[in-house]
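K.L.:
from the sequence below, what's the structure:
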Amino acid sequence: FTPKVFVQRGAAAGEDRVDAPITINPVFGYTLDNSGNMTVVQKQSGTVSIRVTHVSGTPGPVAFDPARVTITGQTGLPAGMTASFANTPCTPASGGDCAPAPVLTLRTNQNDLITPVGTYDITVRDNTLGKTTAFQATVVSQMSVEVSVLPVSSGPAPLVVQLEADAPPTSHGNVYFVIH
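P.N.:
Numbers count the residues shown, from 1 in each chain. The predicted structure follows:
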């Protein structure tokens, strides 16, 4: 966008007239989005890709800091959850996205503190212009199963399986078995 500015002196139009073009560059602008909600098992980690899309001005670097990943409306993350980033800072292509995209990793255990089961609204705020994107992180229980089958002398035998899970009594879900 290049407007022209006219500077005039004197009473008569056109007298001592100077054309002085100036250039006004739009401010760097971009949007943030993410790859969607995540489900992560306690004591494990999950990832979300952050999409940085250039919309105006000359593209510049966009940086992310784990300290700016929080429960929406609060400071910090749930107990035991930590955040880290890969591919930051990134500079989006003109009219395009960062490649590779920044990746946020959420870990659900820190120093033997395990993130409680639940769904958390997570907000990511960048360090450049303070733009945000949000998603839900659902932390599910870790479950282990041990099955023992004892041989019987003849005929079919019932198979009894006992499951124990680290989950609140109100938890529900499906359990699938593969028997070899």
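K.L.:
which parts of whatever helix or strand residue 135 lives in are buried?
P.N.:
Using DSSP states H and E, residue 135 sits in strand 132-140. Residues of strand 132-140 classed as buried by neighbour count (16 or more other Cβ atoms under 10 Å): 133, 135, 137, 139, 140. In short, each C-beta sits where N, CA and C put it, glycine included.
K.L.:
now swap in stretch 28-37 and tell me
P.N.:
For stretch 28-37, burial by neighbour count (16+ other Cβ under 10 Å) applies to 28, 30, 32, 34.
K.L.:
quick revisit: closest to residue 125 out of the buried residues of strand 132-140?
P.N.:
When these are compared for distance to residue 125 (Cβ to Cβ), residue 133 wins out at 8.6 Å.
K.L.:
is it possible to get JSON lines of the buried residues of stretch 28-37 that adds pLDDT?
P.N.:
Formatted as JSON lines, these follow (pLDDT from 0 to 100):
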{"residue": "28", "pLDDT": "96"}
{"residue": "30", "pLDDT": "98"}
{"residue": "32", "pLDDT": "98"}
{"residue": "34", "pLDDT": "98"}
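K.L.:
residue boundaries of the strands in the protein?
P.N.:
Counting by DSSP state E, the chain has strands at residues 4-7, 18-21, 29-34, 38-41, 45-56, 64-71, 82-86, 103-107, 109-110, 113-114, 118-126, 132-140, 143-144, 164-165.
K.L.:
looking at these, which is buried most?
P.N.:
Greatest average neighbour count among the strands of the chain goes to strand 103-107 (a mean of 20), per mean count of other Cβ atoms under 10 Å.
K.L.:
okay, how far is it across stretch 32-52, tip to tip?
P.N.:
5 Å (Cα to Cα, to the nearest Å).
K.L.:
hmm, who's touching it?
P.N.:
By Cβ atoms under 8 Å, 6 or more residues apart in numbering, the surrounding residues in contact with stretch 32-52 are 30-31, 53, 62, 64, 90, 92, 97-98, 101-109, 114-115, 117, 124, 126, 131-142, 166.
K.L.:
low-scoring pLDDT stretches of this protein, where are they?
P.N.:
Along the chain, the parts satisfying pLDDT under 70 run over 1-20, 143-180.
K.L.:
how much space between residue 123 and residue 136?
P.N.:
Look at residue 123 and residue 136: by Cβ to Cβ, to the nearest Å, they are 11 Å apart.
K.L.:
how about residue 46?
P.N.:
According to Cβ to Cβ, residue 46 and residue 136 sit 11 Å apart.
K.L.:
and for residue 117?
P.N.:
Taking Cβ to Cβ as the measure, residue 117 falls 14 Å from residue 136.
K.L.:
bridged to residue 30, which residues?
P.N.:
Taking DSSP bridges as the rule, residue 30 bridges to residue 54.
K.L.:
alright, that wraps it up for me.
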